[in-house]
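1. the following comprises the amino acid sequence and a computationally predicted model.
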Amino acid sequence: MKILLTGCTGQVGYELERSLQGLGQVVAVDRSRMDLADLDRVRAVIREVRPGLIVNPAAYTAVDKAESEPELAYRVNAEAPAVMAEEAKKLGAALVHYSTDYVFPGDDPAPRVETDATGPINVYGASKLAGEQAIAASGVPHLIFRTSWVYGMRGKNFLLTMLKLARERDELRIVADQHGAPTWSRTIADTTALVLANAMARKDGGDWWRENSGVYHLSSQGQTTWFDFTRAITELAGIDCRLVPITSAEYPVPAKRPHYSALSSQKLIERFCQLPDWKSALELCLR
């Protein structure tokens, strides 16, 4: 099987290119070959490669910038996945897509399950939700993995930013009233590969996709705040930096963030595989 992987230089895409090896012929493309803002190019690459599976971690992820670039955010996060779903269906292929905890408003202090009502409070979350809805409406066999607080040892992310700032400064002021689950990009990639291996092991692959298509939450177990996440990072890295907890109101940004966006991954765990605790995964990542 040919597997078309988008965004191969991103945090999750980089890990997926490694994790998907052995499941098929991975055709990995980056923005230079397939820019999701160019819908005609998206169609052309899919028709050229003719994959049996599309795995799409590429996205517009600049949460604050999306407030001033809503058209671009929607084109990349909603219209491009809709094109992928349409083209995949024509080929008889399946689609794996990644979404976010930000599709929820974050006003309920309980881990969100897949059937809970959505209600994004920023452009980024709304654009990702529109992408989910377009894929589901297409009728293509699909898996949509919602994840949260993604970090890794490459690219731009909270972990690398805190490691840099903590080494440069004596004190950091960190938001302490937003709750979620930091999720290592490698956890996302390896879990995706495990799920797809399960599908490919079945002789009746079409039945597997009919039985399992839908939305799944894929994030580390447990929950924390940005402040406690930072404390764990500095402690594990052996960095001496004073951390001061602050409220979201004390750190104003263009896009509102959910105060509580922890996801329950019980559906995925019961159907496919276990997921690690957030701090255990962080320790392994930093090692």
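-> Cool, the structure landed. Residues are numbered from 1 along each chain as shown.
2. for whatever helix or strand residue 193 lives in, buried residues please.
-> Assigned by DSSP states H and E, residue 193 belongs to helix 185-200. For helix 185-200, a neighbour-count test (16 or more other CB atoms under 10 Å) marks 185-193, 195-196, 199-200 as buried. Yep, even glycine has a C-beta here, placed from its N, CA and C like the rest.
3. now that helix: average pLDDT?
-> The average pLDDT within helix 185-200 is 96.
4. now do it: which elements does it pack against?
-> In terms of contacts (3 or more CB pairs under 8 Å, 6 or more residues apart in numbering; DSSP states H and E), helix 185-200 is packed against helix 11-19, strand 94-100, strand 142-147, strand 150-151, helix 205-212.
5. can you give me the helices in the stretch 51-200 of the chain?
-> With DSSP state H, counting those that start in this stretch as the criterion, the stretch 51-200 of the chain has helices at 70-74, 80-91, 123-138, 158-168, 185-200.
6. of all those, which one is nearest residue 150?
-> Checking those against residue 150 by CB to CB gives helix 185-200 as the closest, at 5.8 Å.
7. re earlier: tabulate the helices and strands packed on helix 185-200 (a markdown table), appending mean pLDDT, mean neighbour count and distance to residue 238.
-> Below are the helices and strands packed on helix 185-200 laid out as a markdown table (pLDDT from 0 to 100; neighbours: other CB atoms under 10 Å; distance: least, CB to CB, whole Å):
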| stretch | mean pLDDT | mean neighbour count | distance to residue 238 |
| --- | --- | --- | --- |
| helix 11-19 | 97 | 23 | 24 |
| strand 94-100 | 98 | 25 | 32 |
| strand 142-147 | 98 | 24 | 28 |
| strand 150-151 | 98 | 23 | 18 |
| helix 205-212 | 89 | 14 | 43 |
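8. dump those into CSV; add distance to residue 84 as well.
-> CSV is the format used below for these (distance: least, CB to CB, whole Å):
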stretch, distance to residue 84
helix 11-19, 14
strand 94-100, 6
strand 142-147, 10
strand 150-151, 20
helix 205-212, 16
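9. rewinding a little: list of residues touching the helix holding residue 193?
-> Identification of contacts with helix 185-200 by CB atoms under 8 Å, 6 or more residues apart in numbering yields 1, 11-12, 14-16, 18-20, 23-24, 53, 55, 57, 96, 98, 143, 145, 147, 150-152, 205, 208-209, 212, 218, 220, 268, 272-273, 275-276, 281, 285.
10. hmm, back to that, next, format the helices of the stretch 51-200 of the chain as JSON lines and append distance to residue 247.
-> Below are these laid out as JSON lines (distance: least, CB to CB, whole Å):
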{"stretch": "helix 70-74", "distance to residue 247": "27"}
{"stretch": "helix 80-91", "distance to residue 247": "35"}
{"stretch": "helix 123-138", "distance to residue 247": "21"}
{"stretch": "helix 158-168", "distance to residue 247": "18"}
{"stretch": "helix 185-200", "distance to residue 247": "29"}
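11. out of those helices, which gets nearest to residue 231?
-> helix 158-168 (9.7 Å).
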